[in-house]
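Q: Sequence first, predicted coordinates after that:
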Amino acid sequence: MPTSKPALTGESLATLSARLAERGEPAFRAKQILDWLYKKRVTSWDGMTNLSKPLRAWLDETFDFLPAELVVNQQSEDVTDKLLLELRDGSLIETVIIRAPQEGVGLDHSRKTICISTQVGCAMGCVFCASGLAGLKRNLTAGEIVAQLLHVCRREDARTPRARQELASFDNIVVMGMGEPLANYDALLRALTILNADWGLGFGARRITISTSGLVPKILQLADEPLGFRLAISLHGATDEVREKIMPVNRAYPLAKLLPAVKAFSEKHGRMVTLEFILIEDVNDSLEQARLLRDIALDLHAHVNLIPYNTVEGLPWKRPSLTRQERFADVLRAARVSTTLRREKGHDIDAACGQLRLKTEKARGLAAT
Ligand code: SAH
Ligand code: SF4
């Protein structure tokens, strides 16, 4: 049902306290409410049993408890769980949980990553990407971004009913789902602050990675934020010529602008930035591109994440052969560039994001034309 009420999940301790103070509530009330929401994880106002009935009724009139509903929880045979969520305006977004098993230990000890979305669609127009095919519908609100993580918590709670699962049991949160996060900067930062805060979900900023197609002024702004988030750059081309063909953003922010901004970010943070590089056959997978990528990575002291392209229905791009992928990776490894080459089907964090919504929208006949 459409609602114009602000989401409880978009409130900070300060904004909620201020709103409650207007109503004459004591100072501790906001913390109590946020504890019910994020720590005890009740699923309705009535679950907040130490609040008076009139206060619960006022909260219900004033705030939307959770602005996203779970539509499908698709568990693949392997290690990926996709939560498809419907927002109040009917828009669909997805949140993905990826378990990457570690050598020799079972799934229980795997690395767990959550991948969240920041927009409905995307305006950046990268030619290989399913998320941007229908353009941008709208930005997500901070409350909608945080709601995705609360749904992950609920799902985990349901898996282990006797002990509430802490979000801290996840190793990483990556902002790599649908949308360009830095094009929705204010809502993103507000959401990540709630995610990080003690009174919120308490998740360490250093375990949160923001992936961007390269919005230079926003990268520089992010470098000045007090919370030290990690940064990943979707590079996908080691020259302007190649990058421009597949990423229109390169016209506004070519490599001569992007790379110094990335350098400034990593110098400020003292952490390695990740360069993501999707390998697309005959587009960016030549050894010449590998050598240039190697030089960029060495200069930035960056980690390189090579991602074999995941084919998208209706698009002509292909993943190169395994031999070609390995040859590309070897150029980087030979120069001791820290490199990962993802290969296992379904374990691919980056490619796992962005595909489910499109399929469901098509099935529902909702896909924008
Ligand atoms: N807009 C941001 C974050 C979302 S996209 C960005 O572009 O970085 C997350 C990652 O998935 C990006 O690196 C993107 O280039 C990659 N990606 C998009 N479509 C893909 C596909 N079909 N196969 C593999 N990776 C893909
Ligand atoms: Fe948007 Fe990222 Fe997809 Fe490019 S790769 S269209 S920036 S979601």
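A: Right, received. Where do you want to start? Ligands and ions are numbered 1, 2, ... in the order given.
Q: tell me the strands in the stretch 151-300 of the chain, going along the chain?
A: Remark: strands assigned in the stretch 151-300 of the chain by DSSP state E, counting those that start in this stretch are 172-175, 208-212, 230-234, 274-279.
Q: got the contact list for Thr193?
A: Ser12, Gly200, Leu227 (Cβ atoms under 8 Å, 6 or more residues apart in numbering). In short, each C-beta sits where N, CA and C put it, glycine included.
Q: any idea how far Ala142 is from it?
A: 9 Å (Cβ to Cβ, to the nearest Å).
Q: Tell me which residues of stretch 60-69 come out buried.
A: Residues of stretch 60-69 classed as buried: Phe63, Asp64, Phe65, Leu66, Pro67, Ala68 (neighbour count, 16 or more other Cβ atoms under 10 Å).
Q: from those residues, which is closest to ligand 1?
A: Minimum separation from ligand 1 among the buried residues of stretch 60-69 (Cβ to the nearest ligand atom) is found for Ala68, which lies at 18.6 Å.
Q: Show the contacting residues for the closest one.
A: So Ala68 contacts Leu85, Glu86, Leu87, Ile93, Glu144, Ala147, Gln148, His151 (Cβ under 8 Å, 6+ apart).
Q: List just the nearest of the buried residues of stretch 60-69 to ligand 2.
A: Comparing the buried residues of stretch 60-69 against ligand 2 with Cβ to the nearest ligand atom places Ala68 closest, at 19.2 Å.
Q: Could you report the distance from the closest one to Arg88?
A: For Ala68, the distance to Arg88 equals 8 Å [Cβ to Cβ].
Q: Ala142 now?
A: 15 Å.
Q: is it true that Cys129 touches Gly135?
A: No - judged on Cβ atoms under 8 Å, Cys129 makes no contact with Gly135 at a distance of 11.8 Å.
Q: The nearest residue to Asp224 once chain neighbours are set aside: neighbouring residues, count only.
A: Of all residues not flanking Asp224 in the chain, Lys268 sits nearest, at 7.7 Å (Cβ to Cβ, 6 or more residues apart in numbering). Lys268 has 14 neighbouring residues, counting by other Cβ atoms under 10 Å.
Q: Which segments of this structure make up each domain?
A: 8-62, 68-364 (automatic domain parsing).
Q: which residues does Gln325 contact?
A: Gln325 touches Leu279, Asp285, Leu306, Pro308, Arg319, Leu341, Arg343, counting by Cβ under 8 Å, 6+ apart.
Q: Name the residues of stretch 181-188 that are buried.
A: Buried residues in stretch 181-188 (16+ other Cβ under 10 Å): Pro181, Leu182, Ala183, Asn184, Tyr185, Ala187, Leu188.
Q: now could you export just the CA positions of it as CSV?
A: Written as CSV, here are the backbone C-alpha positions of stretch 181-188 (Å, rounded to 0.1, in the frame of the first residue of the first chain):
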residue,chain,number,x,y,z
PRO,A,181,25.6,4.1,-4.9
LEU,A,182,27.4,7.4,-5.3
ALA,A,183,24.6,8.8,-7.4
ASN,A,184,22.4,8.4,-4.3
TYR,A,185,25.1,9.7,-1.9
ASP,A,186,23.1,11.3,0.9
ALA,A,187,20.7,8.4,1.4
LEU,A,188,23.6,5.9,1.1
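Q: Pull up the per-residue confidence for the residue in the stretch 201-350 of the chain that ligand 2 sits nearest to.
A: Residue nearest to ligand 2 within the stretch 201-350 of the chain: Ser213 (3.6 Å; Cβ to the nearest ligand atom). For Ser213, the model assigns a pLDDT of 98.
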